[in-house]
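[1] mind folding the following:
(chains A and B)
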Number of protein chains: 2
Amino acid sequence: MSENCRLRGVLSPVLTPFKEDLSPDLVRYAEHCRWLIDSGVALAVFGTNSEANSLSVNERLQLLDTLLEAGIPPSKLLPGTGCCALPDTVELTRKAVEAGCAGVLTLPPFYYKNVSDDGLFNSYSEIIQRVGNAKLRIYLYHIPPVSQTPISLALIERLLKAYPGIVAGIKDSSGDWNNTEAMLKNFQSDSFDVFCGSEVFLLRNMRGGGAGCITATGNVNPAAIVDLYKTWRDAGADDKQAALSRTRKCFEIIPMIASMKCCIAWKRKYPSWAVVRPPLVRASAEKAEQLQKALQDDGFEMPGISA
Amino acid sequence: MSENCRLRGVLSPVLTPFKEDLSPDLVRYAEHCRWLIDSGVALAVFGTNSEANSLSVNERLQLLDTLLEAGIPPSKLLPGTGCCALPDTVELTRKAVEAGCAGVLTLPPFYYKNVSDDGLFNSYSEIIQRVGNAKLRIYLYHIPPVSQTPISLALIERLLKAYPGIVAGIKDSSGDWNNTEAMLKNFQSDSFDVFCGSEVFLLRNMRGGGAGCITATGNVNPAAIVDLYKTWRDAGADDKQAALSRTRKCFEIIPMIASMKCCIAWKRKYPSWAVVRPPLVRASAEKAEQLQKALQDDGFEMPGISA
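    Down below sits the predicted model:
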């Protein structure tokens, strides 16, 4: 992969639409991805917001094939591949590399808690060696509030030393700006990119030399986030950042995944878009109304989708 | 399933031996299971101590087939089937029921944190309905220190009301005796059994009306634990409990899974028994020596295995 197709900017951890029987809705999925690409974001499919860990390996492979067949360029894809079981992670990572994806975003195995850096180093090391492809670009996924399995600065350093170029970046979803700042200072380079995990930190991340953000609301508010990414050096950037953060707040009325799916169901006039897989629950009618009102007050729009 | 083959007593969450290349060692697995059965325990294969979430679905299916082909009676099997993804849990549960296993021990989906009781109820409900077999006996698996996804008393009550007979019991690995006691008082019955998750609580659990224990050290110290189970009403029970708890302490010098594998490697003179999958790490030589010394001081033996 040449440096030219290195991922930078805004990525959306793509929501996975389900039918009422809880099977993935491939048609809606391709439609959503096409709209996201047209809105200027790249696709971190199979992330936390994608309910990816609620999908089997085969379902993920099928969804990836759906996008490739729909003509989504693999250079715009950063599939999540980190599972608890090494063979699953290797299978998904290998598939992504062979399909020409820009990289993979890989959770550490997350069932056991308080595991050592040695154990996590071994995990990533086994993945890299088993995939055995120089084209692999692996982005580490630090999301301790959910995975409960943090990726320490010391671990990043070890991995970078062992696999320079292959270990290509990190998504920091700690929600702790000090941590992102430490990652930027210690590791950001031409061959290691730091993405923040929420657009709330986008401006700070760009000013600190970061590569962009991979953010939930990239699913619903992509164009405005991309606009800040493109104009972060300009005078109005702080105001744009404030507006983005305000809009995000509206979505946080409900747990984020249910909230965004509820919004898309409303905007696309397609109630089944609100379906989530257990253990998540969809928004109640009352909460959905609250969300709708908050978004209307905010002046929120999804350009290209009528409501 | 008749009440006669209802599981009671001591179950071992069976360790999974790996070869040096990290693939499951089927021969050692069958040998270990045979020894466990001969020692009087039933087999909670694919538990936390089995590194089950580090195995793919296909690997679990292959291991189960290995045991069935080796003539292990399915009435002695309680496979762990709870994955993050509903289709995986359904596939494993269906296979276990069709194979005639005594029941399944099912973790809630554990990636998302702070999920609601509604979401967990929906998870178990979907599993039960999709498997759609009256022979299903599902044991809930409460292990908040690892899964970070507790099963509340209110959730048990709801599940029992919706699926009496099918929801057949619980393993309480909270490590909190007050919680086990509350489960016993509220739910223990002819059709719902409470197992404690460590032999440290075995005597208290039996005195409180519980069904037995499903305990890590059932892998290394099965006969002695079974002995307390069989004689818990007798005069010497408190002394036996104290001895069991002392032996367990020795194993806790190292994280439990590495520790027990290290012990078996030593007793069976087969170093590769110590292999674990990442993110776990095997015991260092120094720790292994410490463990060996502690076990020798304790007078620990594995009857039927020379050392």
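[2] what element comes up after the one helix or strand residue A:31 maps to heading to the C-terminus?
    Per DSSP states H and E: residue A:31 is located in helix A:26-38. Sequence-wise, the next helix or strand downstream of helix A:26-38 (DSSP H and E) is strand A:42-43.
[3] can you list contacts of that next one?
    A:7, A:9-12, A:14, A:33, A:36-37, A:67, A:72, A:76-78, A:102 (CB atoms under 8 Å, 6 or more residues apart in numbering or on different chains). C-beta: built from backbone N, CA, C; applies to glycine.
[4] dump the C-alpha coordinates for the helix holding residue A:31 into PDB.
    In PDB, the C-alpha atoms belonging to helix A:26-38 read as follows (Å, rounded to 0.1, in the frame of the first residue of the first chain):
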ATOM      1  CA  LEU A  26     -27.800  -6.200   3.200                       C
ATOM      2  CA  VAL A  27     -29.800  -3.800   1.000                       C
ATOM      3  CA  ARG A  28     -30.000  -1.100   3.700                       C
ATOM      4  CA  TYR A  29     -26.400  -1.700   4.600                       C
ATOM      5  CA  ALA A  30     -25.100  -1.000   1.100                       C
ATOM      6  CA  GLU A  31     -27.400   2.000   0.800                       C
ATOM      7  CA  HIS A  32     -26.100   3.500   4.100                       C
ATOM      8  CA  CYS A  33     -22.500   2.900   3.200                       C
ATOM      9  CA  ARG A  34     -23.000   4.500  -0.200                       C
ATOM     10  CA  TRP A  35     -24.500   7.600   1.500                       C
ATOM     11  CA  LEU A  36     -21.600   7.700   3.900                       C
ATOM     12  CA  ILE A  37     -19.000   7.500   1.200                       C
ATOM     13  CA  ASP A  38     -20.800  10.300  -0.700                       C
END
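[5] strands of chain A, residue ranges please.
    Taking DSSP state E as the test, the strands found in chain A are A:9-12, A:42-43, A:104-106, A:138-142, A:167-172, A:193-196, A:212-214.
[6] residue B:149 is nearest to which of the ones you listed?
    strand A:138-142 (19.7 Å; CB to CB).
[7] the closest one pairs with which strands?
    strand A:104-106 (parallel), strand A:167-172 (parallel) (DSSP bridges).
[8] distance between stretch A:183-201 and the chain's centre?
    14 Å (CA atoms, centre = their mean, to the nearest Å).
[9] same check on stretch A:116-130?
    22 Å.
[10] does chain B sit close to it?
    Yes: counting by CB under 8 Å from any CB of the partner chain, chain B has neighbours in stretch A:116-130: A:116, A:118-120, A:122-123, A:126.
[11] with neighbour count, pLDDT and distance to residue A:300 added, can I get the residues you listed in CSV?
    Formatted as CSV, the residues of stretch A:116-130 next to chain B follow (neighbours: other CB atoms under 10 Å in any protein chain shown; pLDDT from 0 to 100; distance: CB to CB, whole Å):
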residue, neighbour count, pLDDT, distance to residue A:300
A:116, 13, 98, 45
A:118, 14, 98, 46
A:119, 21, 98, 43
A:120, 23, 98, 39
A:122, 20, 98, 45
A:123, 24, 98, 40
A:126, 16, 98, 44
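[12] quick one: which of these sit in helices?
    A:118-120, A:122-123, A:126 (DSSP state H).
[13] a markdown table for those residues, including distance to residue B:92?
    Listed next are these as a markdown table, based on distance: CB to CB, whole Å:
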| residue | distance to residue B:92 |
| --- | --- |
| A:118 | 30 |
| A:119 | 25 |
| A:120 | 26 |
| A:122 | 26 |
| A:123 | 23 |
| A:126 | 24 |
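[14] of the residues you listed, closest to residue A:233?
    Closest to residue A:233, out of all of these and judged by CB to CB, is residue A:120, at 36.4 Å.
[15] the closest one: what's it in contact with?
    A:108, A:149, A:151, A:155, B:278-279.
[16] show me which of those residues are buried.
    A:108, A:149, A:151, A:155, B:278-279 (16 or more other CB atoms under 10 Å in any protein chain shown).
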